[in-house]
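**Q** okay, here's the prediction I keep looking at, along with the sequence it came from:
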Amino acid sequence: MPMFEYKGVGASGKASKGMIEADSSKTARFKLKQKGIYPTELKEKTADKTGKGGKKTFSGSGVKMKNLTMMIRQLSTLVKARIPLDEALAALVEQTDDNKLKGIMSQVRESVNEGKSLADSCRMFPKVFSPIFIAMIQVGEASGNLDLVLVRLASFAEAQFELRNKVVGAMAYPLFMMIAGTGITIFLFAFAVPKITEVFAGSKIPLPTLTVVMISISGFMSSYWYVIIGGIFGIFSFFKWYTSTVKGREWWDAVSLKIPAYGKLKRMIAVSRFARTLSTMIGSGVQVLEAIDIVKDVVDNAVIRKALIQSRESISEGKSIAGPLKASGQFPPILTHMIAVGEKTGELEEMLNVVSDSYDSQVDNAIKSVTRLLEPLMILVMGGVIALVALSIFMPMLQLNNLAG
């Protein structure tokens, strides 16, 4: 069913805009008036790319993870309540405030009404629905347990969203401190130091070595600031390009795992994602080999991904899961031990959940530890730079005072 983008005025006189699903513009206007909105502008929503048969479809980019996670939880609740799938999808289209997601779910609903499965309908939007989502939905539909699979998927999405928020939130303050410190340093050397050192220009006293060094740095920054900015931009651009290549990504992922504190945190996050994702997929009925094929892209590290690919080959030959993972040397002993116990007892899903919960807690503690370490370190660096600048200024000033006395 088409989507219409509207602008209008509510009963209270307040401006309103958004999207509404209707089979025609006349129906859309009628639906809006029922809601107490009087449209001043109404147009059918065009989209970002063309699908099969020339039908306009949304590309799927731009959907916030928070909104997608909430949508999965709402869909799981509706399906669990035995509401027919087409009605559940219609309710999602009506309830969501994200215009992009509203358009996508409208097309998913239309595809389902045409007889396609939910998995195939969602597969049209690979930028929104991950391979994990598609695989689990497919298994849920095939087994008749779509409600249970959606509940698992909702819990999984919420756990991943929470983990991502922890990492982003913890790094926000140190990043701000780094930017602020860099800005203050540039200001001191490019503007403050040159003004103050003009006082010493006419004096015949020999300047201290520290002062000479600071003046030289300041002079270079003032005269060649464009070179510095260009150099920083060039290094950043090269790093970004190189790490986007296969070889560069493998190099950076290997190096990053060896960085003190950060490397340990990154491995913890990868292991947590691996255990949580594998547990969720196996618990939903996805075959182990297919689950590992999907999980290898979730860990977001080329070194660990390579270890999983090699382990999958061994598992496909009949070996256990724990053995190849242990042999790779990329997974902690506690993980491989718990997987081995789970395989022997038939409780692999439960064991993976235990590992994931444990690592989620360790990630939380590690993030706090890294943050506690970075904050005083940044303050120390900033204080050290300011102290050096102050010394370089005050030392010759003291010499001038002594000569004057």
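**A** Cool, the structure landed.
**Q** now stretch 323-342: buried residues?
**A** Neighbour-count burial for stretch 323-342 flags 323-326, 328, 330-332, 335-336, 338-340, 342 (criterion: 16 or more other C-beta atoms under 10 Å). C-beta coordinates here come from the backbone N, C-alpha and C atoms, glycine included.
**Q** ok, His337 - contacts?
**A** Ala322 (C-beta atoms under 8 Å, 6 or more residues apart in numbering).
**Q** mind checking how far it is from Gly8?
**A** In this view, His337 and Gly8 are 62 Å apart by C-beta to C-beta, to the nearest Å.
**Q** then Leu89?
**A** Applying C-beta to C-beta to Leu89 and Gly8 gives a distance of 25 Å.
**Q** and Ala180, by the same measure?
**A** Taking C-beta to C-beta, one finds Ala180 at 44 Å from Gly8.
**Q** neighbour count: the two, which is higher?
**A** The residue with more neighbours, out of Ala180 and Gly8, is Gly8; 20 against 12, by other C-beta atoms under 10 Å.
**Q** Glu343 and Gln160: what is the separation?
**A** Separation of Glu343 from Gln160 (C-beta to C-beta): 25 Å.
**Q** sorry, wrong one. I was asking about Leu210.
**A** 51 Å.
**Q** who's more crowded, the two?
**A** Gln160 (20 against 15).
**Q** report the contact partners of that one.
**A** 273, 276.
**Q** neighbours of Val298, how many?
**A** 20.
**Q** helix, strand or coil for it?
**A** Here Val298 takes the coil state, with states given by DSSP: H, G, I helix; E, B strand; the rest coil.
**Q** hang on, it packs against Phe133?
**A** No. Applying C-beta atoms under 8 Å, one finds Val298 not in contact with Phe133, separated by 11.5 Å.
**Q** rewinding a little: any chance of the buried residues of stretch 323-342 in CSV, with pLDDT, secondary structure and distance to Ile269 too?
**A** Compiled in CSV, the buried residues of stretch 323-342 are given as follows (pLDDT from 0 to 100; DSSP: H, G, I helix; E, B strand; the rest coil; distance: C-beta to C-beta, whole Å):
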residue, pLDDT, secondary structure, distance to Ile269
Gly323, 88, helix, 24
Pro324, 87, helix, 22
Leu325, 88, helix, 17
Lys326, 88, helix, 20
Ser328, 85, helix, 18
Gln330, 86, coil, 14
Phe331, 87, coil, 13
Pro332, 87, coil, 13
Leu335, 87, helix, 13
Thr336, 89, helix, 18
Met338, 89, helix, 18
Ile339, 89, helix, 18
Ala340, 90, helix, 23
Gly342, 88, helix, 22
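**Q** show me which pair in those residues is furthest apart.
**A** Gln330 and Gly342 (19.0 Å; C-beta to C-beta).
**Q** pull out the buried positions in stretch 219-228.
**A** Within stretch 219-228, judged by 16+ other C-beta under 10 Å, the buried ones are Met221.
**Q** got a list of contacts for that stretch?
**A** Against stretch 219-228 from outside (C-beta under 8 Å, 6+ apart): 186, 189-190, 194.
**Q** show me which of these is closest to Ala154.
**A** Of the contacts of stretch 219-228, the one sitting nearest to Ala154 (C-beta to C-beta) turns out to be Ile186, at 46.9 Å.
**Q** mind telling me what element that closest one is part of?
**A** In the assignment (DSSP states H and E), Ile186 maps to helix 146-187.
**Q** rounded mean pLDDT for that helix, please.
**A** Across helix 146-187, pLDDT averages out at 78.
**Q** just stretch 252-264 next, same as before
**A** Computed over stretch 252-264, the average pLDDT equals 85.
**Q** so which bits of that stretch are buried?
**A** 252-253, 256-257, 264.
**Q** how about low-confidence regions in the stretch 251-400 of the chain?
**A** Applying pLDDT under 70 to the stretch 251-400 of the chain flags the ranges 400.
**Q** 90 instead?
**A** 253-254, 256-336, 338-339, 342-400 (pLDDT under 90).
**Q** all helices for it, in order.
**A** Along the stretch 251-400 of the chain, the stretches classed as helices by DSSP state H, counting those that start in this stretch are 262-283, 288-295, 302-316, 322-328, 333-345, 348-404.
**Q** looking at the ones you listed, which is buried most?
**A** helix 262-283 (a mean of 22; mean count of other C-beta atoms under 10 Å).
**Q** quick check, central residue of the protein?
**A** Arg164 (6.0 Å; C-alpha atoms, centre = their mean).
**Q** which residue packs closest to that residue, ignoring adjacent ones?
**A** Ranked by C-beta to C-beta, 6 or more residues apart in numbering and with sequence neighbours excluded, the top spatial neighbour of Arg164 is Met65, at 7.1 Å.
**Q** number of nearby residues for that neighbour?
**A** Neighbours of Met65 using other C-beta under 10 Å come to 12.
**Q** then Val63?
**A** 20.
**Q** cool, and Leu153?
**A** Neighbours of Leu153 (other C-beta under 10 Å): 24.
**Q** might one say that it is in contact with Ile72?
**A** Yes. Using C-beta under 8 Å, Leu153 makes contact with Ile72 at a distance of 5.8 Å.
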